[in-house]
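For reference, the sequence and a predicted model appear below.
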Amino acid sequence: MSAELESLAPRDAMEMWIDHASAERSEQTLQSYAYRVRTFVEWCESEGIDDLNDLSGRDIYRFDSKRRGEGIALATVNNLMGTLRLFLRFCETIDGVRDGLAETIDPPSLRKAERGDSEKLEPERAERLLETLHRYEFGSFDHALLALAWHTGLRLGGLHALDVEDCYLDEADLERLPHRVEVSEEVVENLETPFVWVPHHEGSTPLKNQRDGERAVALHPEFARVVRAYIEVNRPDVTDEDGRRPLFCTSKGGTRASKGTLRRHVYIMTQPCRFGGGCPHGRDPEACVARQHGREAQCPSSKKPHAIRTGAITHHLDQGWSKTDLGARVNATAEVIDTHYDWPDKIRRMQARRSLLGSLVEDGDGA
């Protein structure tokens with residue numbers, strides 16, 4: 001054992017790492033980290049490894065082999081070992097394990113289909129849903145929720161965080177911008193509306209990437225009109241416990257709609273039978289378990305909010321957006337978009353590229 005190492009119990013190290021990571025990671029990410037590393041900590045304790053100074057590459061190999069031998073999904077092993085590598089890198093910085101130990105971890109390679117969730121809301125279905133809501137429920141809670149989710153690709157946490165004051169739908173709304181966002185008067189004078197500002201509020205409505213997730217997202221006037229109608233006609237006059245006016249709120253509870261409530265509304269909206277259509281799965285809508293409160297996700301056709309984000313991002317790419325520009329809009333790197341959000345229909349993507357063919361043939365060239 002190196003004389004430079006300082007004794008460190010696995011569980012103490014885990015708590016130190018989670019505390020260290022809390023400054024820049026969301027609560028959801030911290031929970032995932034803790035769950036994965038706790039598995040390793042419990043294994044260390046069962047193996048009599050009570051000091052990480054004694055941990056070796058062979059121990060890492062034994063833990064990895066044990067997890068793979070338990071029949072869990074390869075993607076789960078990949079996430080576990082990737083997180084463990086981050087944890088051990090931290091332990092290296094505080095002299096808890098020998099230098100270079102983290103790099104002995106080699107998470108299993110995954111194909112794209114194994115790395116990401118390919119479920120998405122198809123553009124044709126999104127358009128049908130939006131058309132139906134436009135016709136029968138214009139400016140409703142559901143209409144505004146789906147319009148924003150599809151048009152902006154916001155994560156569920158971003159939708160949950162929005163306040164009325166974050167919606168800049170016409171020039172008059174710009175008067176409040178300097179009071180909420182650090183911005184110069186010159187920028188405000190030349191700013192075009194409509195757009196929404198996606199805010200991070202520590203503790204109450206945090207974003208996945210915290211302050212780095214804050215951004216302005218431009219809206220097409222057609223979608224801004226939906227949001228404006230919802231705010232002016234159908235939104236309950238609600239102020240939350242922090243004195244903020246949440247965009248999506250409930251009259252029954254008199255507060256900001258929870259993420260669970262938003263998720264349930266998406267499940268309901270994406271059930272085919274909810275808009276008078278038949279059930280594509282041969283079920284009786286009147287007796288279907290998925291029509292019961294809290295069980296809406298049991299409909300095979302219902303979609304979760306993440307599927308709307310995935311579908312929206314893929315649709316943006318099909319329309320010619322670059323991954324760089326789109327990444328700024330949806331707060332994701334080009335690599336993350338490619339891995340987790342771009343699930344194109346290959347025929348559709350070919351058609352989207354057809355307009356580029358002219359650049360391959362110079363004027364005057366023959367066949």
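That came in fine, so what should we check first?

mind listing the strands for the stretch 101-250 of the chain?
According to DSSP state E, counting those that start in this stretch, the stretch 101-250 of the chain carries its strands in the segments 167-168, 195-198, 215-218, 249-250.

Can you pull out the low-pLDDT segments for the stretch 251-367 of the chain?
Applying pLDDT under 70 to the stretch 251-367 of the chain flags the ranges 343, 345-349, 352, 355-367.

what ranges do the helices span in it?
Here the stretch 251-367 of the chain has its helices, by DSSP state H, counting those that start in this stretch, at 259-269, 305-318, 323-330, 334-336, 346-353.

Out of those, which is the most enclosed?
Ranked by mean neighbour count under mean count of other Cβ atoms under 10 Å, these are led by helix 305-318, which reaches a mean of 22. Where C-beta positions appear, they are placed from N, C-alpha and C, glycine not excepted.

Who are the packing partners of that one?
For helix 305-318, the packing partners by 3 or more Cβ pairs under 8 Å, 6 or more residues apart in numbering; DSSP states H and E come out as helix 123-136, helix 141-152, helix 156-161, helix 259-269, helix 323-330, helix 346-353.

between the helices of the stretch 251-367 of the chain, which gets nearest to residue 169?
Among those, helix 323-330 comes nearest to residue 169, with 17.8 Å by Cβ to Cβ.

how about that closest one as PDB, C-alpha atoms only?
Output of helix 323-330 as PDB, limited to C-alpha atoms (Å, rounded to 0.1, in the frame of the first residue of the first chain):
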ATOM      1  CA  LYS A 323     -26.900  19.100 -34.200                       C
ATOM      2  CA  THR A 324     -25.000  22.200 -33.000                       C
ATOM      3  CA  ASP A 325     -27.900  24.600 -33.400                       C
ATOM      4  CA  LEU A 326     -30.400  22.000 -32.100                       C
ATOM      5  CA  GLY A 327     -28.200  21.200 -29.100                       C
ATOM      6  CA  ALA A 328     -28.300  24.800 -28.000                       C
ATOM      7  CA  ARG A 329     -32.100  24.700 -28.300                       C
ATOM      8  CA  VAL A 330     -32.700  21.500 -26.400                       C
END
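
which helices and strands sit right next to that helix?
Other helices and strands packing on helix 323-330, by 3+ Cβ pairs under 8 Å, 6+ apart, are strand 215-218, helix 305-318, helix 334-336.

Compile those into a markdown table and extend it with columns for distance to residue 299.
Shown next, in a markdown table, are the helices and strands packed on helix 323-330 (distance: least, Cβ to Cβ, whole Å):
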| stretch | distance to residue 299 |
| --- | --- |
| strand 215-218 | 30 |
| helix 305-318 | 13 |
| helix 334-336 | 29 |
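
And the ones you listed: which comes nearest residue 12?
Proximity to residue 12 (Cβ to Cβ) singles out helix 334-336 among the helices and strands packed on helix 323-330, at 32.5 Å.

now that closest one, how far from the centre of its chain.
Helix 334-336 sits 13 Å away from the centroid of its parent chain (Cα atoms, centre = their mean, to the nearest Å).

Below-threshold pLDDT in the stretch 1-150 of the chain: ranges please.
Along the stretch 1-150 of the chain, the model assigns pLDDT under 70 to residues 1-3, 109-118.

Excluding chain neighbours, give the residue nearest to residue 238 in space.
Closest residue to residue 238 apart from its sequence neighbours, by Cβ to Cβ, 6 or more residues apart in numbering: residue 249 at 4.0 Å.

Residue 256 versus the residue nearest to residue 254 when sequence neighbours are not counted, what's the distance?
In space, and not counting its chain neighbours, residue 254 is closest to residue 238: 5.6 Å by Cβ to Cβ, 6+ apart. According to Cβ to Cβ, to the nearest Å, residue 238 stands 8 Å off from residue 256.

Tell me which of the helices of the stretch 251-367 of the chain sits nearest to residue 108.
Proximity to residue 108 (Cβ to Cβ) singles out helix 334-336 among the helices of the stretch 251-367 of the chain, at 18.5 Å.

Would you mind measuring from residue 221 to residue 196?
Residue 221 sits 13 Å away from residue 196 when distances are taken as Cβ to Cβ.

more neighbours, those two?
Counted by other Cβ atoms under 10 Å, residue 221 and residue 196 do not tie: residue 196 has more neighbours, with 26 against 11.

Now do the same contact list for that one.
Residue 196 makes contacts with 148, 152, 162, 166-168, 216-217, 219, 227, as judged by Cβ atoms under 8 Å, 6 or more residues apart in numbering.

Present those as TSV; the columns should include distance to residue 268 and neighbour count.
Shown next, in TSV, are the contacts of residue 196 (distance: Cβ to Cβ, whole Å; neighbours: other Cβ atoms under 10 Å):
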residue	distance to residue 268	neighbour count
148	17	26
152	21	23
162	20	22
166	25	23
167	24	23
168	29	24
216	30	16
217	25	19
219	24	21
227	20	25
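
Of those residues, which pair is most distant in space?
Using Cβ to Cβ, the pair of those lying farthest apart is 216 and 227, separated by 14.7 Å.

The residue nearest to residue 238 contacts residue 255, doesn't it?
Yes - with contacts counted by Cβ atoms under 8 Å, residue 249 reaches residue 255, the gap being 6.4 Å.

and for the two, which residues touch both?
The overlap between the contact sets of residue 249 and residue 255 (Cβ under 8 Å, 6+ apart) consists of 238, 240.

Helices along the stretch 51-200 of the chain, start to end?
Using DSSP H, counting those that start in this stretch, helices in the stretch 51-200 of the chain cover 57-69, 74-93, 112-115, 123-136, 141-152, 156-161, 177-180, 185-189.

sorry, back to before: so the residue nearest to residue 254 touches residue 255, yeah?
Yes - in this structure, residue 238 is within contact of residue 255 by Cβ under 8 Å, at 6.4 Å.

Give the residues shared as contacts by the two.
Going by Cβ under 8 Å, 6+ apart, residues that sit against residue 238 and also against residue 255 are 246, 249.
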